[in-house]
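Undergrad: Okay, here's the prediction I keep looking at, along with the sequence it came from:
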Amino acid sequence: MIDPRKLAALMLAAAFTAAGCFGCGKRGKDSSSDEAEAVSGEDDLNEHSLSVTFLDVGKADSMIIRSGNSTVVMDCGEKGDGKEIVSFLKDRGVTSVDYLIITHYDKDHVGGAAKVISNFDVANVIGPDYWEYSDEADKYRQALEAKHIEPQLITKDMSFSLGGAEYTVFAPKQDYYGPDNDNDFSLVTRLKYQDTTFLFAGDAMDIRLKEVMDVAGDCDLLKIPYHGRKLNALGAFLDRTSPEYAVVCTDKNDFSSYVKNLLSEKNIKYWSTAFNGRITAISDGTNITVTSEK
């Protein structure tokens with residue numbers, strides 16, 4: 001006899017599938033409208049899956065990756081967002097962070113990092129090898145010193161395995177990208193979980209996108225760089241990486257119509273924190289399912 005709870009779950013999944021809004025499978029792109037249809041859902045991570053949560057932190061980035069018993073935090077939003085990150089992790093019983101990846105030191109990426117470092121045992125910290133002076137960056141550095149953590153400031157690409165996933169972090173290829181152009185120091189990370197691949201492009205701009213275009217490889221889901229602002233190299237980058245799905249961490253003012261149109265023209269189904277709130281992508285190793293608050 002079938003457990004009534006399992007039967008209900010199967011019926012609900014079938015209903016979503018029939019409506020065309022559940023189960024963003026790895027193969028077979030869905031046609032994209034101006035904004036992908038929102039699906040509300042729980043973070044139903046299990047031992048055979050990997051989840052990526054894109055927190056809704058305005059025009060800032062913060063992603064939390066969990067698989068097996070591992071936790072990776074990538075960027076920490078702005079100063080006030082640290083509390084949300086800490087709450088999210090503690091609500092899920094997380095007591096330690098395996099890797100904290102800071103793509104670059106702009107305040108909308110490093111802002112909440114001090115709070116995370118202060119509240120958890122952080123085993124590894126990765127960042128690019130340059131420095132930016134701001135209150136947020138200084139507090140991040142002070143938090144590292146207080147915990148006696150020596151960050152890995154990478155100048156060469158690096159890889160590591162964790163929780164059944166393979167991570168490749170692409171380091172900047174130059175030591176200077178021009179005045180006020182720290183965005184091109186962004187670490188770009190490829191995450192491969194069995195047959196599915198995620199690509200996180202930080203705030204990479206035109207020069208940086210061209211640097212990683214030939215090495216990043218294809219992906220199933222791309223975190224759009226630079227909060228959905230217009231970039232001349234983005235079209236070529238999308239062609240080269242061939243994502244089926246995209247997530248834009250942004251607010252309504254920064255998400256450009258140019259990028260919206262580009263994603264639609266290339267038949268890439270997308271979500272944005274500006275319109276969809278918190279977004280969760282779960283991979284079972286073969287397919288990626290995306291749910292959102294709105």
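TA: That came through, no problem. Source: prediction; values computed, not measured.
Undergrad: Find the nearest non-adjacent residue to the residue sitting nearest the centre point of the chain, please.
TA: For the chain, the residue nearest the mean C-alpha position is residue 63 (4.5 Å; Cα atoms, centre = their mean). Closest residue to residue 63 apart from its sequence neighbours, by Cβ to Cβ, 6 or more residues apart in numbering: residue 74 at 4.4 Å. Backbone N, C-alpha and C define where each C-beta goes, glycine included.
Undergrad: ok, the one you found touching residue 61?
TA: Yes: counting by Cβ atoms under 8 Å, residue 74 touches residue 61, with 7.5 Å between them.
Undergrad: Got the confidence number for residue 218?
TA: Note on residue 218: pLDDT of 98.
Undergrad: Pull the number of nearby residues for it.
TA: 13 (other Cβ atoms under 10 Å).
Undergrad: And residue 105, by the same measure?
TA: Neighbours of residue 105 using other Cβ under 10 Å come to 23.
Undergrad: Let's verify the closest residue in space to it that isn't next to it in sequence: helix, strand, or coil?
TA: Once flanking residues are discounted, residue 105 sits nearest to residue 132: 3.9 Å by Cβ to Cβ, 6+ apart. Under DSSP: H, G, I helix; E, B strand; the rest coil, the three-state class of residue 132 is coil.
Undergrad: Just the pLDDT for residue 132.
TA: pLDDT, residue 132: 91.
Undergrad: Could you do the one 4 residues further on as well?
TA: Residue 136 is assigned a pLDDT of 97 by the prediction.
Undergrad: What helix or strand is it located in?
TA: Assigned by DSSP states H and E, residue 136 belongs to helix 135-146.
Undergrad: now do residue 57
TA: Residue 57 belongs to no helix or strand, assigned by DSSP H and E.
Undergrad: Could you list the low-pLDDT ranges of the protein?
TA: Applying pLDDT under 70 to the chain picks out residues 1-45.
Undergrad: What ranges does it have for its helices?
TA: 4-19, 82-91, 107-110, 113-119, 135-146, 206-212, 234-241, 257-265, 273-276 (DSSP state H).
Undergrad: just so I know, which of these lies nearest residue 196?
TA: With Cβ to Cβ as the criterion, residue 196 lies closest to helix 234-241 of those, at 13.9 Å.
Undergrad: before we move on, back to that, ok, now which ones touch the residue nearest to residue 63?
TA: Going by Cβ atoms under 8 Å, 6 or more residues apart in numbering, residue 74 touches 61-65, 100-101, 103, 189, 200.
Undergrad: Distance to residue 179 for the residues you listed - can I get that in CSV?
TA: Shown next, in CSV, are these (distance: Cβ to Cβ, whole Å):
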residue, distance to residue 179
61, 23
62, 27
63, 29
64, 33
65, 33
100, 28
101, 26
103, 20
189, 26
200, 26
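Undergrad: How about residue 191, nearest residue that isn't a chain neighbour?
TA: Nearest non-adjacent residue to residue 191 (Cβ to Cβ, 6+ apart): residue 198, at 4.3 Å.
Undergrad: residues touching the one you found, list them.
TA: Contact analysis of residue 198 by Cβ under 8 Å, 6+ apart lists 52, 190-192, 219-223, 281, 283.
Undergrad: Report the beta-bridge partners for it.
TA: residue 191, residue 221 (DSSP bridges).
Undergrad: Report the separation between it and residue 74.
TA: 10 Å (Cβ to Cβ, to the nearest Å).
Undergrad: Quick check, the residue nearest to residue 105 in contact with residue 182.
TA: Yes: using Cβ under 8 Å, residue 132 makes contact with residue 182 at a distance of 5.6 Å.
Undergrad: out of these two, which sits in the busier spot?
TA: residue 182 (19 against 15).
Undergrad: right, and that one touches residue 133 too?
TA: No: contact criterion Cβ under 8 Å: residue 182 and residue 133 do not qualify, at 10.8 Å.
Undergrad: the longest strand in this protein is where?
TA: strand 121-128 (DSSP state E).
Undergrad: helices or strands next to that strand in the packing?
TA: Judged by 3 or more Cβ pairs under 8 Å, 6 or more residues apart in numbering; DSSP states H and E, strand 121-128 is in contact with strand 96-101, strand 152-154.
Undergrad: Give the residues shared as contacts by residue 132 and residue 182.
TA: 104-106.
Undergrad: what are the C-alpha coordinates of the helix holding residue 136, in CSV please?
TA: Extracted in CSV, the C-alpha atoms of helix 135-146 (Å, rounded to 0.1, in the frame of the first residue of the first chain):
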residue,chain,number,x,y,z
ASP,A,135,35.0,49.4,6.1
GLU,A,136,33.5,46.1,5.0
ALA,A,137,36.8,44.8,3.6
ASP,A,138,38.6,45.9,6.7
LYS,A,139,36.1,44.1,9.0
TYR,A,140,36.5,41.0,6.9
ARG,A,141,40.3,41.1,7.4
GLN,A,142,39.9,41.7,11.1
ALA,A,143,37.5,38.8,11.5
LEU,A,144,40.1,36.5,9.7
GLU,A,145,42.8,37.7,12.0
ALA,A,146,40.7,37.2,15.1
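Undergrad: If anything else comes up later, I'll come back, but that's it for now.
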